[in-house]
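**Q** I need the structure of the sequence given here:
(3 chains)
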Amino acid sequence: MSDALAAVEHAAPSQTAASRVGGRILRSPLLLVGLVGTTLIVAAAIFAPLLAPADPTAQDLANILAPPVWAGGTVDNVLGTDVLGRDVASRLLYGARNSLFVAFSAMLLGSSLGLITGLLAGFFGGRVDSILMRLGDVQLAFPFILLAIAILGVVASRPAWLLIAVLGIPGWIVYARVVRSRVLAEKEKDYVAAATALGAGPWRRLFRYVFPSVWQVVPVIALLDVGFLIIMESTLSFLGLGLAPPAATWGGILADGRRNMVVSQWLPILPGLAILVTVLSINLVGDGLAAVFDSRNVGGGFRRLRPKAPAAPSSEPGAGSLLAVRDLRVEFPTSGGRVKAVRGIDFELAPGETLGVVGESGSGKSVTAAAVIQLLEPPGRITEGAVFYDGEDLARTSDRRMASLRGQEIAMIFQNPAVSLNPVLTIGFQLREAIRHVTKASRRTARDTAREVLMAVGIEDPDRISRQYPFQLSGGMNQRVMIAMVLAARPRLLLADEPTTALDTTTQAQILDRLVKLTEAENISLVLITHDIALVSEYADRMLVLYAGEVCEYGPVREIISRPRHPYTRALLESVPRVEDPADRLQVIAGDLPDPSEDRVGCPFADRCPLVMEVCREAAPPRYKVGPVHTAACYLWAPERAEAVAT
Amino acid sequence: MRGRVLLIRLGQMVLVVLAVVTIAFLVLRFATGDPARLVNPPGTPEDIIAQTRERIGTDKPVFVQYGEYLYNAVQGDLGTSFRGAQPVASAVLTALPNTLALAGITIVASAGLAIVLGAVAAWRPGSIFDRAVLVWVALAQATPAFWLAVLLVLVFALNLRWFPAIDMNGWRSFVLPVTTLVVTLSPVLIRTARQSFIETLREDYIKAARARGLPSWRVFAVHGVKAASLPLVTLIGLQLGFLLAGAVVVEVIFNWPGIGKLILDSLASRDFPMIQGGILVAAVVFVVLNFVVDMLYAVLDPRVGAARA
Amino acid sequence: MTRPLLEVRHLSKEFPLKKSGLGRRRGGVVRAVEDVSFDLYPGETLGLVGESGSGKSTLGRTVLFLVEPTSGDVVFDGEPVTTDNTASLRRRAQIVFQDPYASLPPKMRVRRILAEPLLIHDIVPASKVEDRVRSLLRDVGLSEEHSGSFPHQLSGGQRQRVSIARALAVEPSLVVADEAVSALDVSVQAQILNLMKDLQTARGLAYLFISHDLGVVRYMSQRIAVLYLGRIVEVGPAADITSEPLHPYTSALLAAVPKVASERTVVRIDSGTPLSTLVETGCEFRLRCPMAQKICEEERPGLVEWAPGHQSACHFALEVPQRLRTSLPVAGGGS
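**A** Here you go, the predicted structure:
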């Protein structure tokens, strides 16, 4: 799905980052609730002396354990009184003040310590790093809260600073670890190396380059940390280890309440509610902000969204072809708009034929493959069109039917072999699993078949390879294993999505030679998806050239290579430097890809085309027939013009 | 090679325990003044205090005390309680299984809950169920353990009388304390499990497994769960401290005869050998559990296993 | 005879061995670059070509002292470069990286990115910085409106233009291009390659042009050096290397390149870097070489000049054109 992602990535610049973030905040009700709640609580804590109806320490022994107003109490003590007759509402307000003060101060202490140590340890590494991190290990290896309890339990007095130190200091390690790992990742990036090459010294690199990219993690952790610290502070107060009485603390009120809960059930409930609401608000803000800055968590899961509309009655399965794609349209709803990744693609594939699909990023070539095998990542979906496999429309068939076709009849190989195999399962396990799923063979037969297919893809010691994990093998080896899996299933259709892009040239040649030989021998129809038009020219029978989700040209490889009819195809052929045919100067296609989320009128290539005409911007060009089985979507080939331009 | 790694690891564990014991020893000796005065009521005559000092051994220089303590501890003698003549080791060892039972059930229940809820939420991110899980996580995370414990007692013990309010006595007495701990421990686990499942399900190898036609449940259970539970294992290791802190509170509220309550009671009575012994045993349990978690990780992730070997 | 701008002599770089590394293992280190020597003249482009694990990127970084060499010498414009003496190198040698997403600081606007080198080296007075940034943008074909953008708001091609502008800011005489166009779409790749050629002509730049793509290297370079497992196995004029290679590895690389409108090529060679195999003596390539003989096991061939300016590290260099033109069996086996 790299293609779709590239398309989404491409869509991003059309909106400014700020307005996107702002929009997401407004669209996230939980974050809004959290923001409002937090603001109110912080305000209540700050203005407690003004808001509190009574002195929180003023005792009234004549009026103890009064119930709240809704349980029969008076308006003077809205939330009732405690065992010493003190006003609970006022004590809760002052409790907020104390709790938030301690928690915020502890958080500031811990986060500052952690940020500084994390930055230094990560950036300078070496001995500083190992000492700091060992120290952190020791701390993480033991619950310092126990030690904190011990310290607070035995000291003679417990001033606020001691509480803050005891709660705050242990937190440094959480910040330090996260900051350090971010710094480690960031400082290896090329922009830091580029700064070194420019002559920027270490401090400049740390503070001007690395720091701006890493500090954002701190506020997110800090918010969650504050919530945690409020609970810890209350816990200590509850155990009688917090701020010394008569200071009002939520934990202290609750402890009082617990002793008197048989008489006054509201007394333990109220402070708990205060803590709950406070921590919840703060956490909602933390979660919400994390989600706003990290938009990865949209979609995903195992759903398969089928098109809402029935297939157009005009579309037909194409007699004699194994695969017939008709007016395929795929959309990905994103926060930046609907990315229309595929905008009406048609092609056919005969049994045993190899079709090369060529296009750049954002052309929709990978999305097309995912749509054929019905593995589009939700919320991406086919909106229109049909995918006929052997006369059956895959876009509208049942999930069960689709699952039974996958692997058995339709197989797929992905771009990056290293991540196409499960890293925690052995090669043999995955191979046997695939074989048994398809053939329902016994364990023993599956083992033999596995050995056979591994040998068939040129692996000489299949037993050793079977016991290995994917990370122990080279990319070429993993891709051979993937091909072996396909071979074992003997599918009728194989989709290969940039199967060799991640591999070295010599490996690529070997793998493709082998793959094509096997598909020829087994009469498997192959869809070879690639950005490299030369690869298609070497291995495919027919070729489909895609640009920005639309078909430019479609026809026999030899014909297109020798006489490209679409200016984009021609540009693709002429803009790649060739070893065998070195040019003095490359032809250049000016400009960039069109925005994939925008609706367009006219030809998608119009803005970059050297031969653009007025009509190109007015209406999308139909696909003109330029040979017996060769079409080009370009007005140059309109019947009235064709004769004039024919070469 | 493997043996050497194991030895280094064991050495680290010993060092951690030693560090914790040393810090605890120093804090208890220096932050508090003379223990002999603390255990006696104010105004006790000096000669009695001197006697007490001799009895509990604080008349010797600190490093001698420290050395003796370590020497005895290695042989299994953790000293004698200030109050009464009970050996600390036996008191601690009586309390330990009670805490371990509580913690063990909690970890298993929380991890199970996290995997199930996390998986179901990740099956369809953004669905009603996913949202419900997230709201539950946010609520549970904001709930203080001690308050929940008090509420549970109020509702289920005092009002409904379904479960006992205090003491460890039969399976019923486990229900309320374990519920409290699971509610406080599980949210962070659920959240991590959900995230991990979402990310795992997005991996290319999951897509590749589906492209091979494996049924969804199999892709999920065989290819997804193992990889997705790795972060959970790490997290459980990191959460043990949090769990122990929660256990202290829960043990106090439910009058549970475990390590946490032992330490807290000893704090109130300034029973230093007991506090020290409790912390020592907690530290040992802790490093051992962390070690188990690490081993588990190496078993689950062949990449780590291979790097170790 | 002009003096070389860059002289590299017996340069080696070892990395301590981590859990899995590419390259040869020996005594707990990976030798990414081993005993590499070459000259680069002002205004010239030397192409460095090799597959993953060949050490080509490490070599580019080591030459610029972004990675400290383990041994060997780098002389820049007649002045030996050491860890403590990189000033002239930093001022006059720059680098353009592969990944346009990672090579620009994500939180800086383009304006600031281009001003950094000017400020670090005090190249122009502060009042003139803005003018200079504007002219740099113009030189690489970007417009002034881009100066307020953050990198993530630009397309891949635009980002690579910014990278080039940043390198040009110090008015260098040498630019190392480390797979500078590999991450770009072909239509954008051509734009950048032509831009780099034009800038070379206009400013007399020398390029050390690193790429895995023989076509691109051929297009850009006057001379090409082929790296295999950290060593240069062949170096010579670009046209000779691609039409008449004198090393079987170069020959295999050429054969593997997919070609437009041609029949399937004949000689294909066993692929991949032998990870587990230690070659202590003899030729590193012999395990994959269709021409290997007894002597290849015993004696490591040195770089020898077989034709004017054309060196190859093969005992049978002169036989390569004939032998590998005829069809040879494809070596089988795992990678």
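**Q** which stretches of the chain have low pLDDT?
**A** If you meant another chain, say so; for now it's chain A. Counting by pLDDT under 70, chain A contains low-confidence residues at A:1-27, A:141-144, A:292-301, A:641-647.
**Q** To clarify, I was referring to chain B.
**A** Across chain B, the ranges flagged by pLDDT under 70 are B:1-3, B:31-33, B:38-39, B:168, B:304-309.
**Q** Which residue ranges of it form strands?
**A** Under the criterion DSSP state E, chain B carries no strands.
**Q** Longest helix in it, please.
**A** Longest helix of chain B, by residue count under DSSP state H: helix B:88-123.
**Q** Quick check: buried residues in that one?
**A** Of the residues in helix B:88-123, those scored as buried under the neighbour-count criterion (16 or more other Cβ atoms under 10 Å in any protein chain shown) are B:88-89, B:91-92, B:95-96, B:98-99, B:101-103, B:106-107, B:109-111, B:113-115, B:117-123. Placement of C-beta: from N, CA and C, glycine included.
**Q** Helices along the stretch 201-335 of chain C, start to end?
**A** In the stretch 201-335 of chain C, the helices defined using DSSP state H, counting those that start in this stretch lie at C:214-220, C:238-243, C:248-256, C:294-298, C:320-325.
**Q** Need the mean per-residue confidence for the longest one.
**A** This points to helix C:248-256. pLDDT averaged over helix C:248-256 equals 89, rounded to a whole number.
**Q** Briefly note if that helix comes near chain A.
**A** Yes: with Cβ under 8 Å from any Cβ of the partner chain as the measure, helix C:248-256 is seen reaching chain A through C:252, C:253, C:254, C:255, C:256.
**Q** and what of the first one?
**A** Yes: where contact is defined by Cβ under 8 Å from any Cβ, part of helix C:214-220 touches chain A, namely C:214, C:215, C:216, C:218, C:219, C:220.
**Q** Look up the closest residue to the fifth one, ignoring the ones flanking it.
**A** Think residue C:219. Leaving aside its sequence neighbours, residue C:219 sits nearest to residue A:577 (Cβ to Cβ, 6 or more residues apart in numbering or on different chains; 3.6 Å).
**Q** burial measure for that neighbour, as a count.
**A** With neighbours defined by other Cβ atoms under 10 Å in any protein chain shown, the count for residue A:577 comes to 22.
**Q** for residue A:380, same thing?
**A** Count around residue A:380 with other Cβ under 10 Å applied: 24.
**Q** how about low-confidence regions in the stretch 201-335 of chain C?
**A** Using pLDDT under 70, the stretch 201-335 of chain C drops low at C:261-280, C:324-335.
**Q** so where do the strands sit in it?
**A** With strands called from DSSP state E, counting those that start in this stretch, the stretch 201-335 of chain C shows them at C:206-211, C:223-228, C:231-237, C:304-307, C:310-312.
**Q** In JSON lines, list the ones you listed along with distance to chain A.
**A** Conversion of the strands of the stretch 201-335 of chain C to JSON lines gives the following (distance: least, Cβ to the nearest Cβ, whole Å):
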{"stretch": "strand C:206-211", "distance to chain A": "10"}
{"stretch": "strand C:223-228", "distance to chain A": "10"}
{"stretch": "strand C:231-237", "distance to chain A": "12"}
{"stretch": "strand C:304-307", "distance to chain A": "19"}
{"stretch": "strand C:310-312", "distance to chain A": "17"}
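**Q** With mean neighbour count and distance to chain B added, can I get the ones you listed in TSV?
**A** As requested, the strands of the stretch 201-335 of chain C are arranged in TSV below (neighbours: other Cβ atoms under 10 Å in any protein chain shown; distance: least, Cβ to the nearest Cβ, whole Å):
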stretch	mean neighbour count	distance to chain B
strand C:206-211	25	26
strand C:223-228	25	28
strand C:231-237	24	29
strand C:304-307	14	42
strand C:310-312	23	39
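**Q** Reformat the ones you listed as JSON lines; add distance to residue C:321.
**A** Supplementary listing: those in JSON lines, determined by distance: least, Cβ to Cβ, whole Å:
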{"stretch": "strand C:206-211", "distance to residue C:321": "24"}
{"stretch": "strand C:223-228", "distance to residue C:321": "15"}
{"stretch": "strand C:231-237", "distance to residue C:321": "12"}
{"stretch": "strand C:304-307", "distance to residue C:321": "11"}
{"stretch": "strand C:310-312", "distance to residue C:321": "11"}
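**Q** residue boundaries of the helices in the stretch 51-200 of chain C?
**A** Listed in chain order, the helices of the stretch 51-200 of chain C (DSSP H, counting those that start in this stretch) span residues C:56-63, C:87-92, C:110-120, C:129-139, C:156-168, C:186-203.
**Q** hmm, the first one touching chain A?
**A** So the one you mean is helix C:56-63. Yes: with Cβ under 8 Å from any Cβ as the measure, helix C:56-63 is seen reaching chain A through residue C:61.
**Q** how far off strand C:206-211 does that helix point, in degrees?
**A** Using axes from the mean of the first three to the mean of the last three Cα atoms, to 10 degrees, the interaxial angle of helix C:56-63 with respect to strand C:206-211 works out to 150 degrees.
**Q** Apart from its chain neighbours, what residue comes closest to whichever residue of the stretch 151-300 of chain B sits closest to chain A?
**A** For the stretch 151-300 of chain B, the nearest residue to chain A under the criterion Cβ to the nearest Cβ is residue B:213, separated by 2.5 Å. Here the nearest residue to residue B:213 in space, its sequence neighbours aside, is residue A:407; by Cβ to Cβ, 6+ apart that works out to 2.5 Å.
**Q** Contact partners for that neighbour?
**A** Shown in contact with residue A:407 (Cβ atoms under 8 Å, 6 or more residues apart in numbering or on different chains): A:434, A:437, A:438, A:489, A:491, B:211, B:212, B:213, B:214.
**Q** quick one: pLDDT of residue C:62?
**A** Predicted confidence (pLDDT) for residue C:62: 94.
**Q** what separates it from chain B, distance-wise?
**A** Shown here: residue C:62 relative to chain B, a distance of 27 Å by Cβ to the nearest Cβ, to the nearest Å.
**Q** Any idea how many residues pack against that residue?
**A** Neighbours of residue C:62 under the rule other Cβ under 10 Å: 23.
**Q** these two touch, right, it and residue C:69?
**A** Yes: checked against Cβ atoms under 8 Å, the pair residue C:62 and residue C:69 is within contact range at 4.9 Å.
**Q** Which neighbours do the two have in common?
**A** For the pair residue C:62 and residue C:69, residues contacting each of them under the criterion Cβ under 8 Å, 6+ apart are C:11, C:13, C:33.
**Q** By neighbour count, which of the residues you listed wins?
**A** Within these, most neighbours by other Cβ under 10 Å means residue C:33, with 31 neighbours.
**Q** Going by neighbour count, which residues of the helix or strand encompassing that one are buried?
**A** The secondary structure element spanning residue C:33 is strand C:29-40 (assigned by DSSP states H and E). Along strand C:29-40, these residues count as buried under the neighbour rule (16+ other Cβ under 10 Å): C:29, C:30, C:31, C:32, C:33, C:34, C:35, C:36, C:38, C:40.
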